[in-house]
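>>> My questions are about this predicted structure, shown below with the sequence.
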Amino acid sequence: MYILKTIVNRGWSPILITALAVIGYIYGWPVQALAPALIIILVIGLAVTAAAAREKELELSSLRLKELAGYFSRRFAGRSSLSIFTIIDSLFNIDNPKLWDWARACDMSQRIFDTWCDSFISRVESDIRTRRYTVYLRTYLNELWLINNHYHEFIEQFYEIAESVEIPRETVEQYNRFVVEYNAFALHFRDNISELRKVARTEIEPPSVKLARELGVGSQASSFTQDNQEMAE
């Protein structure tokens, strides 16, 4: 039954053309009158097939976008050990009040990211079920790209701090494990944007999804630690 339905939905154009050609041959219809009708049916069939193929590609892109958002939420948000905010929290183990103030300021941002992740996935799943994903796909892509860019800003800030302040080796190793997995996510996101640009208009370029930088095992202490020494003196 499913195969028959698929044939009817996708193959109605050649079936109709064949039927008209056979009927025209049997009844001796003039070719000049029959040919335009067959051409029109063929053009309409090709247009419907192309639209259905585009719809399918958009649906697949929506599913991939939902998977990427779900992966981002599971691995880089909440209480995941690979969340940049979890890594930032480890800075409270360092005796540096300036770092503590920055880490506390990041706490509110973490709550915003966690709330957005839950809301985003729920909205995408709802629109996929109601088949409204084509309407909001560009919006969701822009939203995921924007939130990822903001997230990357915290990665860059942590990297700059870790380059200037001596931090525990365990934190460096945890951050580098995060970088490996985050960069894999970023590359998949780039691929998704490239594929989506083939079937929908997007204003986002794949390279705009930035990669994170790894830290060397030995971080050099500089301005932060010097400031602490001056305060102690």
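Alright, I've got the coordinates.
>>> Let me see the mean pLDDT of the host helix or strand of Leu146.
Assigned by DSSP states H and E, Leu146 belongs to helix 133-164. Mean per-residue pLDDT for helix 133-164: 88.
>>> After it, which helix or strand is next? Please name it.
Helix 133-164 is succeeded, C-terminally, by helix 169-197 (DSSP H and E).
>>> So for that next one, what gets flagged as buried?
171-172, 174-175, 178-179, 182, 185-186, 189-190, 192-193, 196-197 (16 or more other CB atoms under 10 Å). Just so you know, the C-beta spots here come from the backbone N, C-alpha and C atoms, and that holds for glycine as well.
>>> Pull out the buried positions in the helix or strand hosting Ser126.
Per DSSP H and E, Ser126 falls inside helix 97-129. Within helix 97-129, the residues that count as buried by 16+ other CB under 10 Å are 98-99, 103, 106, 110, 113-114, 116-117, 120-121, 123-124, 127.
>>> And those residues, which is closest to Ile41?
Asp127 (33.9 Å; CB to CB).
>>> which non-adjacent residue is nearest Gly24?
In this structure, Gly24 finds its nearest non-sequential neighbour in Leu34, 4.5 Å apart by CB to CB, 6 or more residues apart in numbering.
>>> Make sure that neighbour is actually in contact with Ala21.
Yes. Using CB atoms under 8 Å, Leu34 is in contact with Ala21, at 7.3 Å.
>>> before we move on, the earlier item: closest one of the buried residues of helix 97-129 to Gly28?
Taking the buried residues of helix 97-129 together and measuring to Gly28 by CB to CB, the closest member is Asp127, at 53.4 Å.
>>> Look up the pLDDT of the closest one for me, please.
76.
>>> helix/strand/coil for Gly216?
coil (DSSP: H, G, I helix; E, B strand; the rest coil).
>>> lowest-pLDDT helix or strand in this structure?
helix 223-232 (a mean of 40; mean pLDDT, DSSP states H and E).
>>> Double-check Glu195 against Ser61; I have them as touching.
Yes. Contact criterion CB under 8 Å: Glu195 and Ser61 qualify, at 6.3 Å.
>>> which residues are common contacts for the two?
The contact sets of Glu195 and Ser61 do not overlap (CB atoms under 8 Å, 6 or more residues apart in numbering).
>>> Please name the residues that touch Leu20.
Leu20 touches 34, 37-38, 41, counting by CB under 8 Å, 6+ apart.
>>> In CSV, list the residues you listed along with distance to Asn148 and secondary structure.
Below are the contacts of Leu20 laid out as CSV (distance: CB to CB, whole Å; DSSP: H, G, I helix; E, B strand; the rest coil):
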residue, distance to Asn148, secondary structure
Leu34, 57, helix
Ala37, 52, helix
Leu38, 51, helix
Ile41, 46, helix
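>>> Determine which two of those residues are furthest apart.
Maximum distance among the contacts of Leu20 (CB to CB): 10.7 Å, for Leu34 and Ile41.
>>> Count the residues that sit near the residue nearest to Gly24.
When neighbours are defined as other CB atoms under 10 Å, Leu34 has 15 of them.
>>> do the same with Leu42
Quick note: Leu42 (other CB under 10 Å) scores 14 neighbours.
>>> what packs against the helix or strand containing it?
With elements taken from DSSP H and E, the one containing Leu42 is helix 31-76. Secondary-structure packing of helix 31-76 (3 or more CB pairs under 8 Å, 6 or more residues apart in numbering; DSSP states H and E): helix 2-27, helix 97-129, helix 133-164, helix 169-197.
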